[in-house]
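Asks: Quick one: sequence plus predicted model below, questions after.
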Amino acid sequence: MNEKEQVTKCALVTGGSRGIGKAICIQLAKDSDYHILINYQSNKQAALDTLEAVKEAGGTGEILQFNVVNNEEVKSTLDNWLEHNKNAIIEVIVNNAGITKDGLFMWMTQDDWNNVINTSLNGFFNVTNHLIQKLLVQKYGRIINMVSLSGLKGTAGQTNYSAAKGAVIGATKALAQEIAKRNITVNAVAPGFIKTDMTGDLDEKELKKMVPANRFGNPEEVAHLVSFLASKKSSYITGEVININGGLYS
């Protein structure tokens with residue numbers, strides 16, 4: 001067996017332990033041969049549950065603990081992992097980690113602003129910037145940024161989250177143009193109302209009336225789209241923001 005055949009190709013999913021992130025990890029395990037790197041910040045048990053589900057789906061994976069906001073932690077954890085896995089390459093990065101701290105802007109604290117911006121926007125920078133050199137050398141890669149309907153149209157009570165996701169959308173379009181010649185695509189996926197912990201407090205019965213499809217989406221439906229964008233089948237799609245929202249645009 002030559003050296004090329006021994007390479008372990010990996011997909012890193014930040015915030016991969018729950019919700020949409022978990023669904024993405026499981027779908028990638030079903031659809032690809034990628035070794036799934038499940039990033040989590042604090043909920044180790046949830047990450048282990050996701051790993052178990054990945055294995056049940058026929059895939060392989062492991063959990064990686066780091067806070068995407070902490071640049072030094074991101075670097076040291078990923079460098080340490082790469083040092084111990086010299087035959088591994090990360091081909092797919094799914095920037096999924098994100099938080100909400102909703103509230104009217106006039107009452108918003110600086111912490112609530114900074115924490116949301118740091119997780120979505122700086123988290124994207126910290127992880128992607130650290131790994132981008134290797135993707136460029138490999139001349140292949142898939143970067144998928146999880147954004148939101150809020151980042152496209154803005155949502156009242158979510159000025160911080162709308163700002164964070166809107167910024168990631170801009171970054172997606174710019175970075176896609178920089179690295180397209182290296183066979184690396186950069187796309188964003190913008191879910192609308194999806195049934196997860198994050199939307200658990202919302203009045204689904206009332207809000208689904210706004211959605212032409214008349215229902216909330218499931219994490220698995222988002223995961224199918226991400227899995228397609230992570231595959232070779234999507235090689236001519238880059239710099240795009242793909243909505244998955246049941247027809248809800250305004």
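Replies: Structure received.

Asks: Helix or strand with the lowest mean pLDDT in the protein?
Replies: None of the helices or strands of the chain scores lower by mean pLDDT, DSSP states H and E than helix 204-207, at a mean of 82.

Asks: any low-confidence regions in the protein?
Replies: 1-5, 198-200, 202, 250 (pLDDT under 70).

Asks: Okay, strands next: where are they in it?
Replies: In the chain, the strands defined using DSSP state E lie at 8-13, 35-40, 60-65, 88-95, 141-146, 184-191, 241-244.

Asks: And the contacts of the shortest one?
Replies: So that's strand 241-244. By CB atoms under 8 Å, 6 or more residues apart in numbering, the residues outside strand 241-244 that reach it are 147, 149, 152, 169, 172-173, 187-192, 217, 221-222, 225, 229, 249. Glycine gets a C-beta too; all of them are placed from N, C-alpha and C.

Asks: Restrict those residues to the buried ones and give me that as a PyMOL selection.
Replies: Buried subset of these, written as a PyMOL selection, criterion 16 or more other CB atoms under 10 Å:
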select buried, resi 147+149+152+169+172+173+187+188+189+190+191+192+217+221+222+225+229
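
Asks: check contacts around Lys101.
Replies: Lys101 neighbours (CB under 8 Å, 6+ apart): 108, 111-112, 115-116, 160-161.

Asks: can you rerun that using 10 Å?
Replies: By CB atoms under 10 Å, 6 or more residues apart in numbering, Lys101 lies in contact with 108-109, 111-116, 119, 158, 160-161.

Asks: what does Asp112 give?
Replies: Here Asp112 is in contact with 99-103, 159-161 (CB under 10 Å, 6+ apart).

Asks: Can you pick out the most distant pair from the residues you listed?
Replies: Ile99 and Thr159 (14.5 Å; CB to CB).

Asks: now Ile36: how far from Asp111?
Replies: Note on Ile36: its distance to Asp111, by CB to CB, to the nearest Å, is 33 Å.

Asks: Of the two, which one has the most company?
Replies: A side-by-side neighbour count of Ile36 and Asp111, using other CB atoms under 10 Å, places Ile36 first with 28 against 9.

Asks: so how far is Thr100 from Ile184?
Replies: 29 Å.

Asks: Identify each buried residue in the longest helix that the chain contains, please.
Replies: Longest helix in the chain by number of residues (criterion: DSSP state H): helix 159-179. Within helix 159-179, the residues scored as buried using 16+ other CB under 10 Å are 159-169, 171-173, 175-176, 179.

Asks: and the residue most central in space within the chain, how far is that from Val74?
Replies: Closest to where the C-alpha atoms of the chain average out (CA atoms, centre = their mean) is Asn96, at 2.3 Å. Counting by CB to CB, the separation of Asn96 from Val74 is 14 Å.
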